[in-house]
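Peer 1: need a 3D model of the following:
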Amino acid sequence: MKKFADFSTDKILDGDKQKIDTILNQEIIVTGYSIKNSRFSKNKSGEYLTLQYEFENQKYIIFTGSDVLIDQVKKYADEIPFLATIRKINRYYSLT
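Peer 2: Residues are numbered from 1 along each chain as shown. Below is the predicted model:
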């Protein structure tokens, strides 16, 4: 009998939900992500990002519609896991 995990392509992101402002300017370990179409479309891409990370040996997730973060995660997805800091620059968030 097959196990679901052997053939599923769904990404399961677990962890306590946090607001992005709680981790600004602090180093985190990015461990996973998911990008899906948003029902609200408040950004140019119409997508939202679920970012899974570790901070102080705990797993967390954040949700954001930041187009900059979405583009950066898409571009560097093959590098996950990696250390990063999320900074707010003017009106947008960016990985540094």
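Peer 1: all strands for this protein, in order.
Peer 2: For the chain, the strands defined by DSSP state E cover 16-17, 27-37, 47-55, 58-64, 82-89, 92-95.
Peer 1: most packed of those?
Peer 2: strand 47-55 (a mean of 20; mean count of other Cβ atoms under 10 Å). Where C-beta positions appear, they are placed from N, C-alpha and C, glycine not excepted.
Peer 1: identify the residues contacting that one?
Peer 2: Identification of contacts with strand 47-55 by Cβ atoms under 8 Å, 6 or more residues apart in numbering yields 13-15, 23, 26, 28-38, 59-66, 69-70, 73.
Peer 1: restrict it to CA atoms and write it as CSV.
Peer 2: C-alpha atoms of strand 47-55 as CSV (Å, rounded to 0.1, in the frame of the first residue of the first chain):
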residue,chain,number,x,y,z
GLU,A,47,-0.2,36.3,-4.8
TYR,A,48,0.6,35.8,-1.2
LEU,A,49,3.5,34.1,0.5
THR,A,50,3.5,31.7,3.4
LEU,A,51,7.0,31.7,4.8
GLN,A,52,8.1,29.0,7.2
TYR,A,53,11.1,29.8,9.4
GLU,A,54,12.9,28.9,12.6
PHE,A,55,13.7,31.4,15.3
